[in-house]
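In: Following is a predicted model, sequence given first.
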Amino acid sequence: MNKPVENAMKKDKFESVRRKLLEMHQNIIRGSKVEISHMLNKGDKYNGASDDGDLADVACRDSLQATNLNRHRATLRVIEEALLRIDEGTYGTCEDCGEEISVKRLNAVPFALRCVECQEIQEITASEPEE
């Protein structure tokens, strides 16, 4: 089978995953917009802040929201990369061993880059202390 036909078949095979990824993408964008609006709304933030402790609490919440936004940005990036792999016909193939990633895994983690076995190896290797 030639490559363009094979890629088109793979794209069709993962259409439900594409929809799931797009929905995840939209939900993250919506949530991020809400968080940003809360961060920018100084009136609500500082309302009732009467001492340094209250101001520290506001600063802590801002820091947590910024951390959440960074996590959202990273998740959006991996979602967009997964959508690109669907378009290219490389989605669902393990980045390390080249075998197909199980449908069960892709349903659980639609932006997975590796099969379960290779992901476990990668996590073990990454957690080993350097000498």
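Out: Yes, it's here.
In: Can you report how many residues lie near V58?
Out: V58 has 17 neighbours, counted by other C-beta atoms under 10 Å. To be clear about C-beta, it is placed using only N, CA and C from the backbone, and glycine gets the same treatment.
In: What helix or strand is it located in?
Out: For V58, the host element (DSSP states H and E) is helix 52-88.
In: Contact partners for the most centrally placed residue in the chain?
Out: With distances taken as C-alpha atoms, centre = their mean, the residue of the chain nearest its centroid is T75 (2.2 Å). With contact taken as C-beta atoms under 8 Å, 6 or more residues apart in numbering, T75 is in contact with 24, 28.
In: And for the one 10 residues further on?
Out: Residues near R85 by C-beta under 8 Å, 6+ apart: 91-92.
In: Distance check, it against M24.
Out: Going from R85 to M24 by C-beta to C-beta, to the nearest Å gives 15 Å.
In: A82 contacts F111, correct?
Out: Yes: counting by C-beta atoms under 8 Å, A82 does reach F111; the two are 4.1 Å apart.
In: So between those two, which is more surrounded?
Out: Ranked by neighbour count (other C-beta under 10 Å), A82 and F111 place A82 first, with 25 against 19.
In: distance between the helix holding V58 and the chain's centre?
Out: Distance of helix 52-88 from the chain centroid (C-alpha atoms, centre = their mean, to the nearest Å) equals 10 Å.
In: if we can go back for a sec, so what sits against both of A82 and F111?
Out: Residues touching both A82 and F111 (C-beta under 8 Å, 6+ apart): L21.
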